[in-house]
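Novice: quick check, what structure comes out for this input:
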Amino acid sequence: MVPLHYLLLALASPRAVLSASSIEVDTSSLLQQIHGFGFSQAFGRASEFKAADDDLQQQALDLLFNTEVGAGFSIIRNNIPSTSGSTIEPNSPGSPSATPNYTWTGDDAGQVWFTKQAVSYGVSTVYANAWSAPGFMKTSGDEATPGYLCGTNGHDCTSGDWRRAYANYLVQYVKFYKSEGLDITHLGFLNEPDWETGYSQMQISPNATEAISFIPILYDAVQNTSLDLNITCCDAVGWSDQETYTTALIAAGMDKYLNVITSHMYTSDATSALNTSLPTWITESGVETSDAPFTTTWYDSGSPNEGMVWANKLATGFIDAGLSAYLFWEGFEINETQSASHLVDLGSDGEAEGSAILYAFSMWSRFIRPGARRVSTIGSLENVATAAFINSDDSVVVVLTNSGDVAQTARIGFPAELDAADAWVTDNKHQVAVTNVTASGANAEVVVPAQGVVTIKVN
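Specialist: Numbers count the residues shown, from 1 in each chain. Next up, the predicted model:
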């Protein structure tokens, strides 16, 4: 049955709600596995989070990780530091073969505390990512100055070849977390190597020759431990650059050492699949323009800080680019140093407040759990992107993203009769709110509002 308010809307405007179109879900046609959704608290934001009062902490944690009232994020991304004041190896041991003097405070700029909070909510995927090697291992001699890892192809240094020492450095960081009872599951050694900044950075060439000369060494360092680690590459600043890197990596046989291909989306979005059989992740995304502040606005002008813009990005990423994970930049901020590139803010009433982007993620991350598989769908609705998933508990989730200005009635067909069907909606008037869904036999019918998202979950 179509809800009454939509029937009234249809009477007022005959094109306000289109007639039902059918989409069939084929759970036997399995596509990519879903690893999850996540964010970071790097560069001191974890310390800021840790220092917040208990009530505010709890509110923000629930908004980010709780699967009943929040987004249910399932991946966190930690920064492996390289600055001399915070790194685990603040001083050069003198040469690559010398014994390193590792140090550990057990805090890691608040990230140990933050990781423990995430794990308490059931998060089991922890991505540790280095922005740079320590400066004494680089051609520039400084971790925040453009440069390459000494010893990689074409980059000889008078101090020697630091590739093995850097691999050991990364592994030691993981061991320190292990000593805290925390398991890092994914390890990355680069961040935006196609970009020059004023903070921690390390470059590679477009043909990824430096990465190709380092990855087997890092792989060996991991294999020489009892750690269960997945190695990633290369966190390019944009999808098109990562496509170039990936082509070079695969041609050089690096897929036998790597577990995940990682990228950001700042200079180019993930709109098509990379030429690899490895899982692909967007490991950082955000709003770059300073005139687009944190907002709870879902849809207005199509500004990059609006929730509907990100609903479309997520749909395109998982459907067209075949992503297995999608991470935003920052989670919780109090001082708003990242403009709209954080998901939870301190509201005017002193309470934690979720952005519209948080609710765009929630329509996916709360219901599509780690280990799910995307499955094929047959049929389409005008201006509606449709993605279907089967969770490991056999529940099926369908996300309908309507980028049009007309509401659509969708009839979803499933392979078997439904025990139950539930649906949630997010648009200008709702934030992950329960909405009407009619279940009959093996079909579910729901209205998807204009510029809105509906998620259906069936058993």
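
Novice: residue closest to the middle of the protein?
Specialist: The centroid of the chain falls nearest to residue 327 when counting by C-alpha atoms, centre = their mean (1.4 Å).

Novice: pretty sure residue 178 contacts residue 228?
Specialist: No. Using C-beta atoms under 8 Å, residue 178 is not in contact with residue 228; the gap is 10.4 Å. Placement of C-beta: from N, CA and C, glycine included.

Novice: those two: who's more crowded?
Specialist: Each of residue 178 and residue 228 has its neighbours counted (other C-beta atoms under 10 Å); residue 178 has more, 14 against 9.

Novice: which residues touch the more buried one?
Specialist: Applying C-beta atoms under 8 Å, 6 or more residues apart in numbering to residue 178 gives the contacts 184, 227.

Novice: swap in 10 Å and give it another go.
Specialist: 184, 225-227 (C-beta atoms under 10 Å, 6 or more residues apart in numbering).

Novice: how about residue 399?
Specialist: 311, 314-315, 318-319, 363-364, 367-368, 385-389, 453-457.

Novice: give me the subset of the residues you listed that lies in strands.
Specialist: 385-389, 453-457 (DSSP state E).

Novice: pLDDT below threshold where in this structure?
Specialist: For the chain, applying pLDDT under 70 flags the ranges 1-20, 337-338.

Novice: surely residue 233 and residue 216 touch.
Specialist: No. Residue 233 sits out of contact with residue 216 when judged by C-beta atoms under 10 Å, with a separation of 12.0 Å.

Novice: any shared contact partners between these two?
Specialist: Contact criterion C-beta under 10 Å, 6+ apart; residues shared by residue 233 and residue 216: 254, 257.

Novice: quick one: residue 282 from residue 237, how far?
Specialist: Distance, residue 282 to residue 237, using C-beta to C-beta, to the nearest Å: 12 Å.

Novice: what is in contact with those two at once?
Specialist: Joint contacts of residue 282 and residue 237 (C-beta under 10 Å, 6+ apart) are 263-265.

Novice: TSV please, covering those and showing neighbour count and secondary structure.
Specialist: Below are these laid out as TSV (neighbours: other C-beta atoms under 10 Å; DSSP: H, G, I helix; E, B strand; the rest coil):
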residue	neighbour count	secondary structure
263	32	strand
264	26	strand
265	22	coil
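
Novice: can you put the residues you listed in a markdown table and add distance to residue 120?
Specialist: Output for the shared contacts of residue 282 and residue 237, formatted as a markdown table (distance: C-beta to C-beta, whole Å):
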| residue | distance to residue 120 |
| --- | --- |
| 263 | 30 |
| 264 | 28 |
| 265 | 30 |
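
Novice: which one among those residues gets closest to residue 85?
Specialist: For these, the minimum distance to residue 85 (C-beta to C-beta) is 25.8 Å, reached by residue 264.

Novice: that older thread, what's the closest of the shared contacts of residue 282 and residue 237 to residue 201?
Specialist: residue 264 (13.4 Å).

Novice: can you redo the ones in strands among the contacts of residue 399 as TSV with distance to residue 140 and neighbour count?
Specialist: Shown next, in TSV, are those (distance: C-beta to C-beta, whole Å; neighbours: other C-beta atoms under 10 Å):
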residue	distance to residue 140	neighbour count
385	44	20
386	48	21
387	43	22
388	48	26
389	45	25
453	45	31
454	51	25
455	47	24
456	52	26
457	51	21
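
Novice: can you pick out the most distant pair from the residues you listed?
Specialist: 385 and 457 (17.6 Å).

Novice: if we can go back for a sec, which of the shared contacts of residue 282 and residue 237 sits closest to residue 141?
Specialist: The closest of the shared contacts of residue 282 and residue 237 to residue 141 turns out to be residue 264 (C-beta to C-beta; 26.4 Å).

Novice: ok, then the element right after the strand ranked longest in the chain?
Specialist: What stands out as the longest strand in the chain, according to DSSP E, is strand 17-33. Next in sequence after strand 17-33, counting helices and strands by DSSP states H and E, comes strand 36-40.

Novice: which elements pack onto that following strand?
Specialist: Applying 3 or more C-beta pairs under 10 Å, 6 or more residues apart in numbering; DSSP states H and E, one finds that strand 36-40 makes contact with helix 54-65, strand 75-80, helix 111-120, strand 125-130, strand 280-284, strand 325-332, strand 342-346, helix 356-365.
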